[in-house]
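Undergrad: what follows is a predicted protein model with its sequence.
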Amino acid sequence: MNEEPLVSVVRGSLDDHEVAALVAILASRSTSVNYPTPPQAVSDWSRSARPAAAPRNWRTSALPR
């Protein structure tokens, strides 16, 4: 292991709980950056309530696109 650490404590000393909190924060922040969430499809029901919705109505909402 000749690699340089990604994170190091420059001043002070951390106990086990503080290291665990730091690791949890870094892990939660890195997963949201590395793995983007796929966009969720909006249902026709919720889209129909929007003022700028496509020209579809309740009759055409059941039809395939």
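TA: Nice, I can see it. Numbers count the residues shown, from 1 in each chain.

Undergrad: pLDDT (mean, whole number) over the longest helix anywhere in the chain?
TA: Identified as the longest helix of the chain according to DSSP state H is helix 16-34. On average, the pLDDT along helix 16-34 is 80.

Undergrad: now what about that helix, what contacts it?
TA: With contacts defined as CB atoms under 8 Å, 6 or more residues apart in numbering, helix 16-34 is touched by 7, 14. No exception for glycine: its C-beta is placed from N, CA and C like everyone else's.

Undergrad: and Pro39, how many neighbours?
TA: Using other CB atoms under 10 Å, Pro39 has 6 neighbouring residues.

Undergrad: next, it: secondary structure please.
TA: Here Pro39 takes the coil state, with states given by DSSP: H, G, I helix; E, B strand; the rest coil.

Undergrad: got the buried residues for the longest helix of the chain?
TA: Across helix 16-34, burial judged by 16 or more other CB atoms under 10 Å covers no residue at all.

Undergrad: and it, C-alpha only, in CSV?
TA: Output of helix 16-34 as CSV, limited to C-alpha atoms (Å, rounded to 0.1, in the frame of the first residue of the first chain):
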residue,chain,number,x,y,z
ASP,A,16,-14.1,5.8,16.9
HIS,A,17,-17.5,7.6,16.7
GLU,A,18,-16.1,10.7,15.0
VAL,A,19,-14.3,8.5,12.4
ALA,A,20,-17.5,6.5,11.8
ALA,A,21,-19.4,9.8,11.3
LEU,A,22,-16.8,11.1,8.9
VAL,A,23,-16.8,7.9,6.9
ALA,A,24,-20.6,7.8,6.7
ILE,A,25,-20.8,11.4,5.4
LEU,A,26,-18.1,10.8,2.8
ALA,A,27,-19.8,7.6,1.7
SER,A,28,-23.2,9.2,1.4
ARG,A,29,-21.8,12.1,-0.6
SER,A,30,-19.8,9.9,-3.0
THR,A,31,-22.6,7.6,-3.9
SER,A,32,-24.9,10.4,-5.1
VAL,A,33,-22.1,11.7,-7.3
ASN,A,34,-20.9,8.4,-8.7
